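Asks: model this:
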Amino acid sequence: MTTILGLSGSLRRASYNTGLLRAAADLTPDGVTMQIGSIHEVPLYDADKEAEAGLPDAVQSLQDQLAAADALLLVTPEYNNGIPGVFKNAIDWMSRGPGLDLFVGKPVAVIGASPGGFGTLLAQDHWLPVLRTLRTRPWLDGRLLVSRAGPLFDDDGNLVDETTRARLSEFITGFAETCR
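Replies: Numbers count the residues shown, from 1 in each chain. The predicted model follows:
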């Protein structure tokens, strides 16, 4: 069984990206499971607090989930043409202590949804230097940019557009094959 840890970089209740992650979990092929992690409780990084108390429980939980996963799926919003601060902060925390070794060689895919016309193109590209620094194995064989996301999701943030679901299924299947 292949396990993919999926993280959404949005804190919004009806987030398109969290909905995209839930849909990805629903569409994983046989033999693959998607564990959905959460960055909601990760505090802002503070080296003084880390020195005093170690890793916060939320970060330790994410590190444990990453250790148990064969791959990582980042579902990123795009804020001001880049990576959302809360998402980058969570990954920074996850790389602390023994966490850096958990990223080395790990297959990582990045997808995202946005109400704008370019999807999350710039945020996805912005992740590449971070993933390189963490020495991950970015999966670059596929790309999924969901643009003009509003009508593709319902009021609760669930992906309801069948064409986008089909594209997502194809993407997740290709990524999963790489991870096996």
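Asks: where along the chain do the strands fall?
Replies: Assigned by DSSP state E, the strands in the chain fall at 2-8, 32-36, 71-75, 107-113, 137-138, 144-146.
Asks: kindly reformat those strands as a markdown table containing mean neighbour count and mean pLDDT.
Replies: The way it works is simple: take the backbone N, C-alpha and C, and place the C-beta from them, glycine included. A markdown table is the format used below for those (neighbours: other C-beta atoms under 10 Å; pLDDT from 0 to 100):
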| stretch | mean neighbour count | mean pLDDT |
| --- | --- | --- |
| strand 2-8 | 23 | 98 |
| strand 32-36 | 17 | 97 |
| strand 71-75 | 27 | 98 |
| strand 107-113 | 26 | 98 |
| strand 137-138 | 17 | 96 |
| strand 144-146 | 21 | 96 |
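Asks: dump those into TSV; add distance to residue 98 as well.
Replies: Converted to TSV, these look like this (distance: least, C-beta to C-beta, whole Å):
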stretch	distance to residue 98
strand 2-8	16
strand 32-36	19
strand 71-75	16
strand 107-113	18
strand 137-138	19
strand 144-146	31
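Asks: quick check: which of those is nearest to residue 163?
Replies: Closest approach to residue 163 among those (C-beta to C-beta): strand 144-146, 10.4 Å.
Asks: ok, residues contacting the closest one?
Replies: Outside of strand 144-146, the residues within contact range by C-beta atoms under 8 Å, 6 or more residues apart in numbering are 16, 20, 111-114, 118-121, 124, 152, 164, 167-168, 171.
Asks: give me the distance between residue 77 and residue 122.
Replies: If you measure residue 77 against residue 122 using C-beta to C-beta, to the nearest Å, the figure is 11 Å.
Asks: quick one: contacts for the residue sitting nearest the centre point of the chain?
Replies: Residue closest to the mean C-alpha point of the chain, counted by C-alpha atoms, centre = their mean, is residue 74 at 1.7 Å. Residues counted as contacts of residue 74 (C-beta under 8 Å, 6+ apart) are 7, 9, 87, 108, 109, 110, 111, 127.
Asks: how about the helices in this structure?
Replies: Using DSSP state H, the helices found in the chain span residues 16-26, 47-53, 57-68, 85-94, 99-103, 121-133, 162-179.
Asks: surely residue 96 meets residue 60?
Replies: No - counting by C-beta atoms under 8 Å, residue 96 stays clear of residue 60, with 10.1 Å between them.
Asks: on that earlier part again, how close does the residue nearest to the centre of the chain get to residue 21?
Replies: Taking C-beta to C-beta, one finds residue 74 at 9 Å from residue 21.
Asks: low pLDDT regions in this protein?
Replies: The chain contains no residues with pLDDT under 70.
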